[in-house]
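Could you work out the structure for the sequence below:
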Amino acid sequence: MDARAASRSGRGQSPFSALTAEKTLHTTSKATPLQYTSHPPGAPRRTSNGYTCWQSISSPDGVGLASIANCAEFGRAPLFDLVFLGTAAAVPSAERGLPAVLVARGPSRFLIDCGEGTQRQLMRAGLGFRGLAHVLPHLDHVLGLAGLLATFALYRVEGTMEIVGSEETLGFVRRYLADTIGPESDGGYRLRAISPGPVLVRQGWRLDAFAVAHRGTESLGYRFQDEPRHPLLSERLDALGVPAGPERALLAQGRSVVLADGRDIVPEMVHGAPVAGAALAIVGDTEEIAGLVEPVRGADALVIEATFLERDAALARARGHLTAADAARLARDAEIGELLLTHISGRYSPEEILTEAARHFANVRVVADFGRMSVRARGDVVSS
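Now for the predicted structure:
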C-alpha cells in the first residue's frame, strides 16, 4: 500500500507492544545530570554527584513516554527527556538509523528531524505515536515524514501533526508530502513556517529557534529552556510538618496551603534560592561554530553533529559539516554542560570521534540509537 492510500485508509492504533534495545555508550563523562536510563521502571538512582535519575517509562500499550517522576508535583527540578532514534550521517548502518531525536518535556513531545524509517525506530524504542504533535526537521532530514504520516493514518492516531521549519524547508516538505500523502487539508498535518526567535511558550519553559549556517540554506537550531525556579527545601518542609503529597505539590507550584492544624504555609517559607532552569540545545547539520556560541551558551546539554575528524577537515568544509574537534571547541567556548555527538559517519569508529573531541572538551559522549537521557540543570541537586 502506498503512502497516499494509507492516508486515505483511516487512522487507527497499533497493537504493538513496547520493545527495548541494547544501548551502546561511548563516553568520557562520569555521573552527571545526563544519564542513560537502564534501571527498573520508576526506580530512582542517585548518582555520585548528588543527582537522582529516573527511568523513562513506556506505557503498557507502548503508546506513550511517561513524565519522569512528575517532577513539578514532587518539587524536583523539571527536566527534558531525550531518546535518540537515529544517529547516522548520510547513510544508515545496521546499528544507526537516519537522523531523528525525540525530546519530551512532561506530556509534550517533539521530533527533531525525521529521517527515513523513523516510525519504525519509534516502535523499536517502545515510544509509540500518541502525543507526538510537533516535528521540527532540518532540510536534509525530512524524508521520513511521509512514512510517519502514513503509519499514523493506518493506526488511526488522532490529531494533526504540526511540521515546523523555515520557509525553505517547508517549501520542500509541502511539495514532497503533496505528492505522497496529500495536501494539508486531508493529509493529517499542517505546516508552520518560523524564523529565528520564539517557537513555543509553555508554563515554566519555552522553545526558541536560532539560525544555523549550512551550505547557504535556511537552517535552524533549537533551544529548550526552563524558567528559573525556586526549589523546595526538604529540611524546612519537615521542620514545618508539611506532609508529603498534595500540600508539597501545591507549594512547588507557588501556591499557599493550610495544614491540618490550621497553620498557613506560604511558598516563601519553604523555597530555596532561585536556580537556573535546564537548557537543551540541538543543532542539525552545520558548517561553522562562531555563530552558534551565543545561541547555545550555558546549555546543560548540546546535541550536535560530528560528521568528520580533523584529518578530513577539508572534506568537512567542502560538504558543509563539522569535525568532532569543531563541536568540542564550540562546547568549550559556550560553556556547555555535556556534549552529545551524533550524525556519525561509518568511516570512523565512535572511539576515534570521542578521542578527538575529548582533547578539547572533557564531558563528551558519542550517542547511539535508542540511547535515553534526561537533561537537568547542572546547579540543581535533589535528594531521593
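
ok, now which ones touch residue 282?
Residues in contact with residue 282 (C-beta atoms under 8 Å, 6 or more residues apart in numbering) are 101, 103, 112, 221, 222, 223, 224, 302, 303, 304. Yep, even glycine has a C-beta here, placed from its N, CA and C like the rest.

try residue 219
By C-beta under 8 Å, 6+ apart, residue 219 lies in contact with 138, 139, 166, 169, 211, 212, 213, 284, 285, 286.

Just list whatever residues bridge to it.
When bridges are called by DSSP bridges, residue 219 pairs up with residue 212.

if I look at it, how far off is residue 165?
Here residue 219 is placed at a distance of 9 Å from residue 165 (C-beta to C-beta, to the nearest Å).

Which residues are in contact with each of those two?
Common contacts of residue 219 and residue 165 (C-beta under 8 Å, 6+ apart): 138, 139.

Disregarding flanking residues, what is the spatial nearest neighbour of residue 321?
Once flanking residues are discounted, residue 321 sits nearest to residue 307: 4.0 Å by C-beta to C-beta, 6 or more residues apart in numbering.

what sits against the one you found?
The neighbourhood of residue 307, defined by C-beta under 8 Å, 6+ apart, consists of 89, 285, 316, 319, 321, 322, 323, 343, 344, 345.

Just the CA trace of the helix or strand hosting residue 201, in PDB.
Using DSSP states H and E, residue 201 sits in strand 197-202. Output of strand 197-202 as PDB, limited to C-alpha atoms (Å, rounded to 0.1, in the frame of the first residue of the first chain):
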ATOM      1  CA  GLY A 197      13.100  33.600  17.700                       C
ATOM      2  CA  PRO A 198      10.300  32.200  19.900                       C
ATOM      3  CA  VAL A 199       8.600  29.000  18.600                       C
ATOM      4  CA  LEU A 200       6.600  27.900  21.600                       C
ATOM      5  CA  VAL A 201       5.900  29.100  25.100                       C
ATOM      6  CA  ARG A 202       4.500  26.800  27.800                       C
END
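
re the thing from before, can you turn the buried part of the contacts of residue 307 into a ChimeraX selection?
Here is the ChimeraX selection string for the buried members of these, based on 16 or more other C-beta atoms under 10 Å:
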select :89,285,316,319,321,322,323,343,344,345
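
Compute the number of surrounding residues for residue 157.
Close neighbours of residue 157, defined as other C-beta atoms under 10 Å, add up to 22.

any idea how far it is from residue 118?
14 Å.

got it, and residue 377?
From residue 377 to residue 118 the distance is 29 Å (C-beta to C-beta).

of these two, who's got more company?
residue 118 (28 against 21).

can you give me the strands for the stretch 101-250 of the chain?
Assigned by DSSP state E, counting those that start in this stretch, the stretch 101-250 of the chain shows strands spanning 108-112, 132-136, 161-165, 189-193, 197-202, 205-212, 219-226.

how near is residue 137 to residue 316?
The gap separating residue 137 from residue 316 is 22 Å, by C-beta to C-beta.

Low-confidence ranges, this structure, go.
The chain contains residues with pLDDT under 70 at 1-78, 379-384.

Just give me the residue closest to the centre of it.
Nearest residue to the geometric centre of the chain (C-alpha atoms, centre = their mean): residue 103, 2.7 Å.

Report the beta-bridge partners for the residue nearest to that one when sequence neighbours are not counted.
Leaving aside its sequence neighbours, residue 103 sits nearest to residue 110 (C-beta to C-beta, 6+ apart; 4.6 Å). Assessed by DSSP bridges, residue 110 has beta-bridge partners residue 103, residue 134.

I figured residue 110 was touching residue 82, is that so?
No - using C-beta atoms under 8 Å, residue 110 makes no contact with residue 82, being 10.4 Å away.
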